[in-house]
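Peer 1: coords please:
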Amino acid sequence: MRWILLAVAILGIATSSAALREHYRTDNSPCSINDKWDCGIVNHSPYAVFGGVPVAIIGIVGYALLGALAVKRSWRLVCVAAFIGLMFSLYLTHIEANKLGVWCIYCVISLCAISTFSILAASRLLADLVKRKPVSA
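Peer 2: Numbers count the residues shown, from 1 in each chain. Next comes the predicted model:
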């Protein structure tokens, strides 16, 4: 399971890196599809920075941490960190849907990655907890 989680974390790092490139892009966005799908608008909005740090950098660091924790098999920490990442991603999704009205394909892929990571990590932790629990008759 840890290698699958590491692969999902690497997908998240790659996606966040693409979003970071978009954040600093000064020409037209290659993923400007139409008025509802435009990574440039999302990644140049005031919401693309959190505490002075581009959200994409937070994503890169977060996915790297998740990957490292998964490799170390720190399942409880993996689940806590994944849950925090999922909540942050859902917050950003809310911003896209309700404040900007524009979607970023990188952000949607990242949401899928952190959702998958969270479900897999929680199922791994749950499996460990069930294994350890004594069965009472």
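Peer 1: give me the number of residues near the residue nearest to Glu96 when sequence neighbours are not counted?
Peer 2: Nearest residue to Glu96 in three dimensions, chain neighbours excluded: Trp103, at 5.4 Å (Cβ to Cβ, 6 or more residues apart in numbering). Every C-beta, even on glycine, is put in place using the N, C-alpha and C of the backbone. Neighbour count of Trp103, defined by other Cβ atoms under 10 Å: 19.
Peer 1: tell me the contacts of Trp103?
Peer 2: Lys36, Trp37, Asp38, Val42, Glu96, Ala97 (Cβ atoms under 8 Å, 6 or more residues apart in numbering).
Peer 1: may I ask which two of those residues are separated the most?
Peer 2: Across the contacts of Trp103, the longest distance by Cβ to Cβ is 14.0 Å; it joins Asp38 and Ala97.
Peer 1: beta partners for the residue nearest to Glu96?
Peer 2: Trp37 (DSSP bridges).
Peer 1: where's it relative to Val130, distance?
Peer 2: For Trp103, the distance to Val130 (Cβ to Cβ, to the nearest Å) stands at 38 Å.
Peer 1: put the buried members of the contacts of Trp103 into a ChimeraX selection.
Peer 2: ChimeraX command restricting these to the buried ones, with burial defined by 16 or more other Cβ atoms under 10 Å:
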select :37,38,42,96
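Peer 1: make CSV out of the contacts of Trp103 and add pLDDT and distance to Leu20.
Peer 2: Listed next are those as CSV, based on pLDDT from 0 to 100; distance: Cβ to Cβ, whole Å:
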residue, pLDDT, distance to Leu20
Lys36, 90, 22
Trp37, 90, 19
Asp38, 88, 17
Val42, 92, 13
Glu96, 95, 17
Ala97, 95, 22
